[in-house]
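Visitor: Next come a sequence and a model predicted from it.
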Amino acid sequence: MSEQRHYLYPIVAVAATAALGWWLVSEPDSPSDQGRSADGKRSPQYYATDATLHSYTAGGALNARINGQRFDYFSAEDHWQLTEPRWRRLAYGDSGRPWQGRARRGRLSDDETRGRLRGDVVLKTPGKHGPIRVYTDRLRLYLPRDYAETASRVRIKAPHWQHTGTGGRFWIAEERFSLLSDTEAIYDQQ
């Protein structure tokens, strides 16, 4: 009987070690490690390349279309990161005029109500008296309100005038803006 125990002990030890190893491998990573690659960079939970995102109103009408080279979704932060986003908001306010824009990078909240744009940001609206374009390096968008703001240097250009300044607020549906400091304006007398 002591010979049986002699062989049983190594078998139980190997089985216990294998079970512990299996348990450790199958255990999910800690929340702080989830979404991180071996080099420490965050990894998206989902991604799409050359994609288009459509946003709809509560009534089911198409509200906005966003195209991008790449969309990365990060579930822990609950947002999308966009590479080369181009968007078109199809209608706003009572005017029904669309507005559109582009940037090198963007970040969109999962509920599609807030966005942050960086790098060569251009916002364009048809305007009552011709197209109005906003140029800046960073812009925060609040989509349901058709409102945007920046703390960066900004240039606003229309057919017969141009304004520059640092920091700005833009009420897109109303075609109204406010530059916060260092402002200059040029008007064409035509």
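Guide: Looks like it came in fine.

Visitor: Confirm Pro144 sits in a strand?
Guide: No: secondary structure of Pro144 (DSSP: H, G, I helix; E, B strand; the rest coil): helix, not part of a strand.

Visitor: Return the residues in contact with the nearest residue to it once chain neighbours are set aside.
Guide: Spatial nearest neighbour of Pro144, chain neighbours left out: Thr113 (5.6 Å); criterion: Cβ to Cβ, 6 or more residues apart in numbering. Placement of C-beta: from N, CA and C, glycine included. By Cβ atoms under 8 Å, 6 or more residues apart in numbering, Thr113 lies in contact with 142-144.

Visitor: where does the residue nearest to the spatial centre of the chain land in three-state SS?
Guide: By Cα atoms, centre = their mean, the chain has its centre lying nearest to Arg107, at 1.5 Å. Put simply, Arg107 is strand when judged by three-state DSSP.

Visitor: which residues does Arg155 bridge with?
Guide: Beta bridges link Arg155 to Tyr135, Thr164, judged by DSSP bridges.

Visitor: Run through the strands of the chain in chain order.
Guide: 46-56, 62-74, 79-83, 86-89, 99-102, 105-109, 114-125, 132-142, 147-158, 161-171, 176-187 (DSSP state E).

Visitor: now these in TSV, with mean pLDDT?
Guide: Shown next, in TSV, are these (pLDDT from 0 to 100):
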stretch	mean pLDDT
strand 46-56	85
strand 62-74	87
strand 79-83	88
strand 86-89	85
strand 99-102	88
strand 105-109	88
strand 114-125	90
strand 132-142	92
strand 147-158	93
strand 161-171	93
strand 176-187	90
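
Visitor: Tell me, how many residues neighbour the residue nearest to the residue nearest to the centre of the chain when sequence neighbours are not counted?
Guide: Distances taken as Cβ to Cβ, 6+ apart put Arg116 closest to Arg107, at 4.5 Å, once the chain neighbours are dropped. When neighbours are counted by other Cβ atoms under 10 Å, Arg116 registers 18.

Visitor: Thr52 now?
Guide: 11.

Visitor: cool, and Gly60?
Guide: For Gly60, using other Cβ under 10 Å, the count is 7.

Visitor: same check, this time on Val134
Guide: Neighbour tally, Val134, other Cβ under 10 Å: 23.

Visitor: what's the nearest residue to it if we skip its chain neighbours?
Guide: Leu123 (4.1 Å).

Visitor: for that neighbour, which residues make a bridge with it?
Guide: In beta-bridge terms (that is, DSSP bridges), Leu123 pairs with Gly101, Val134.

Visitor: Sounds good, over and out.
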